[in-house]
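> 3D, please:
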Amino acid sequence: MGFAKYHCGWIYSFICSILLSQSLFAQHPEENEYGSWLLLCGTAKVHEDWSIPAVGIIRHHHMLDRYGFFFFRTGASYQTGQNSELTGGLALLNSSSYSETTTVSNTNQLWLYGEYTLNSKFNDNSISHRIRFENRRSIGGEPTKVNNRIRYRLQYVRPIRNGFYFKAFDELFLAIDGDTFDQNRVFVGFGRQMSKEIKADIGYFNHKFSDSSDHMLRLSISFSIDLTKKDMALLTD
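Numbering: from 1, shown residues only. Next comes the predicted model:
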């Protein structure tokens with residue numbers, strides 16, 4: 001009975017992912033060019049309650065072609081409870097935009113951010129809530145543009161078997177100034193926990209704006225390092 005219930009659950013998750021992907025494509029059938037979103041995420045534990053996160057993202061408008069942006073974020077995280085965490089830090093963004101005359105304009109931004117993450121589990125399923133405030137400003141140009149926004153992400157992860165898992169999230173971006181809706185991101189895919197420290201997932205990623213929608217293949221690799229362990233400390237001698 002438990003075996004059947006377990007497999008019915010992840011089969012249901014798979015069917016939902018297919019239906020969601022089809023509905024997103026149906027909204028914009030002309031926008032069927034896939035882009036790529038490559039993400040490398042690392043976390044270094046430096047204290048019982050403190051860690052340093054680092055995230056790097058490369059985005060292409062076409063599959064590994066036509067550079068969109070490079071993004072790097074880091075900071076400091078404090079474990080406020082067994083299932084909650086506070087993080088603050090900064091990020092740098094370098095992006096390119098393309099006009100109809102093939103002119104390429106390059107911009108740079110500096111971000112300051114603070115976020116709160118709450119994780120919960122039920123029947124081996126994981127639910128994560130993340131709310132983040134971002135202060136973004138252009139750098140290296142005149143005049144300086146400042147933009148503030150809030151984003152909320154709801155993420156669901158369900159284990160399948162042998163380290164494989166189903167993963168889906170929806171993240172809503174709301175602007176504090178100007179039009180309220182900024183963008184929305186949806187991911188549906190599968191991943192594998194390759195070891196205690198390393199996991200990877202891949203899937204369909206939809207990036208929705210008020211007047212456009214981008215379809216991408218998203219590949220993410222995450223790793224963690226515990227610098228508080230004695231064997232890690234010996235490596236620095």
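> for Leu64, what are phi and psi?
The phi and psi values for Leu64, taken as degrees, to the nearest 10, are phi 60, psi 30.
> what does stretch 47-58 contact?
36-46, 67, 69-79, 87, 89, 228 (C-beta atoms under 8 Å, 6 or more residues apart in numbering). C-beta coordinates here come from the backbone N, C-alpha and C atoms, glycine included.
> can you do 6 Å?
With C-beta atoms under 6 Å, 6 or more residues apart in numbering as the test, stretch 47-58 has contacts from 38-45, 70-74, 77-79.
> buried ones in the lengthiest strand in the chain?
Secondary structure assigned by DSSP state E gives strand 104-122 as the longest strand of the chain. Residues 109, 111, 113, 115, 117, 119 are the ones in strand 104-122 that count as buried (16 or more other C-beta atoms under 10 Å).
> can you give me the mean pLDDT across it?
Confidence for strand 104-122, expressed as mean pLDDT, is 95.
> could you list every helix and strand in contact with it?
strand 84-98, strand 125-139 (3 or more C-beta pairs under 6 Å, 6 or more residues apart in numbering; DSSP states H and E).
> just the buried residues of the helix or strand hosting Ala54, please?
Assigned by DSSP states H and E, Ala54 falls within strand 50-62. Using 16+ other C-beta under 10 Å as the test for burial, strand 50-62 gives 51-53, 55, 57, 59-61.
> now Arg161, what are its backbone angles?
phi -170, psi 150.
> and what of Ile176?
The phi/psi pair for Ile176 (degrees, to the nearest 10) is phi -80, psi -30.
> swap in the one 10 residues further on?
When read as degrees, to the nearest 10, the backbone of Val186 gives phi -130, psi 130.
> quick one: residues contacting it.
Counting by C-beta under 6 Å, 6+ apart, Val186 has contacts 170, 206.
> bridged to it, which residues?
Beta-bridge pairing of Val186 under DSSP bridges involves Asp170, Asn206.
> distance of it relative to Leu93?
Applying C-beta to C-beta, to the nearest Å, the value for Val186 to Leu93 is 21 Å.
> cool, Asn135 as well?
13 Å.
> was I right about Ser105 contacting Tyr98?
No. Using C-beta atoms under 6 Å, Ser105 is not in contact with Tyr98, being 8.2 Å away.
> now the helices and strands packed on strand 104-122 as CSV including mean pLDDT and mean neighbour count?
Formatted as CSV, these follow (pLDDT from 0 to 100; neighbours: other C-beta atoms under 10 Å):
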stretch, mean pLDDT, mean neighbour count
strand 84-98, 96, 15
strand 125-139, 97, 15
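> for Gly203, which of these is the nearest?
Closest approach to Gly203 among these (C-beta to C-beta): strand 125-139, 16.2 Å.
> mind listing what's buried along the next helix or strand after the closest one?
Heading C-terminal from strand 125-139, the first helix or strand you meet, by DSSP H and E, is strand 146-159. Within strand 146-159, the residues scored as buried using 16+ other C-beta under 10 Å are 147, 149, 151, 153, 155, 157-159.
> so the residue positioned nearest the centre of the chain bridges to which residues?
What sits nearest the mean C-alpha location of the chain, by C-alpha atoms, centre = their mean, is Leu39, with 7.7 Å. Following DSSP bridges, Leu39 is listed with bridge partners Ile57, Ser220.
> so what's the residue count around Arg161?
9 (other C-beta atoms under 10 Å).
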